[in-house]
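> sharing a model that was predicted from the sequence below.
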Amino acid sequence: MSDANRPQLKFPTNLRTLTVRNIPAAVDEAITEQAKRAGRSKSDYLQEFLVATFDDLIGNFIRTSELVALMDREMARMMDAELTESPYDTGLTLDGHREFCRILGILSYADLQRIMMAGVPHLSVRARQLEGLTRLSQGASLYAALLAEAATRDEKTLLTLHRSLFHIMDEEHFMREAGEFRAAMRLPPLEQ
């Protein structure tokens with residue numbers, strides 16, 4: 001099934017049982033301690049963790065899209081950077097992914113596939129912006145495509161994205177990077 005046609009995950013009321021074997025002792029101890037601190041059973045704690053992790057549209061897309069994997073390797077090549085090996089080392093948090101979806105109106109794999117395809121020609125812009133990094137997280141190409149998509153929007157959307165996800169970066173710097181994407185797409189500059 002292609003990524004564009006893959007359904008967005010929904011967790012219905014028909015639940016299933018999952019058995020996990022051969023967990024390293026240190027991981028089991030960490031789960032036990034964290035569940036205890038959260039006031040939950042290990043089973044409930046793991047269930048919440050798994051549902052939160054696999055109900056993450058962007059995270060799932062990063063881990064399953066062959067296009068993202070290919071473009072991540074290409075961005076790493078452009079930057080002469082090492083691509084992280086683990087598919088779980090993506091850059092943003094679950095909340096960050098949800099914010100991208102909320103702000104950009106992303107509802108499905110098809111939306112992400114469209115954004116990724118449109119962003120591919122502009123990955124070199126992001127590679128230049130990240131010049132000097134020696135390691136690149138899996139999913140970096142999708143994040144670049146998401147930023148390119150955001151750059152096509154109005155100033156209000158960009159400022160909302162900045163305040164929500166990129167507030168650690170100077171607003172002027174963030175808007176300049178968005179302007180670089182706009183220039184590459186031959187869009188008029190934003191009026192500030």
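Structure received.
> go ahead and name everything in contact with the helix or strand bottoming out on mean pLDDT in the chain.
One helix or strand of the chain scores below all others by mean pLDDT, DSSP states H and E: helix 42-54, with a mean of 85. Here helix 42-54 makes contact (Cβ atoms under 8 Å, 6 or more residues apart in numbering) with 9, 11, 18, 20, 31-32, 34-35, 38, 40, 59-60, 94. No exception for glycine: its C-beta is placed from N, CA and C like everyone else's.
> now do stretch 165-177
Surrounding stretch 165-177, the residues in contact under the criterion Cβ under 8 Å, 6+ apart are 92, 96, 99, 100, 129, 147, 155, 158, 159, 162, 190, 192.
> how about the strands in this protein?
With DSSP state E as the criterion, the chain has strands at 82-83, 135-136.
> re the thing from before, want to throw the contacts of helix 42-54 into JSON lines with neighbour count and distance to residue 180?
Listed next are those as JSON lines, based on neighbours: other Cβ atoms under 10 Å; distance: Cβ to Cβ, whole Å:
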{"residue": "9", "neighbour count": "12", "distance to residue 180": "34"}
{"residue": "11", "neighbour count": "9", "distance to residue 180": "39"}
{"residue": "18", "neighbour count": "8", "distance to residue 180": "45"}
{"residue": "20", "neighbour count": "8", "distance to residue 180": "45"}
{"residue": "31", "neighbour count": "15", "distance to residue 180": "44"}
{"residue": "32", "neighbour count": "12", "distance to residue 180": "48"}
{"residue": "34", "neighbour count": "14", "distance to residue 180": "41"}
{"residue": "35", "neighbour count": "18", "distance to residue 180": "46"}
{"residue": "38", "neighbour count": "12", "distance to residue 180": "43"}
{"residue": "40", "neighbour count": "14", "distance to residue 180": "46"}
{"residue": "59", "neighbour count": "22", "distance to residue 180": "27"}
{"residue": "60", "neighbour count": "19", "distance to residue 180": "29"}
{"residue": "94", "neighbour count": "13", "distance to residue 180": "28"}
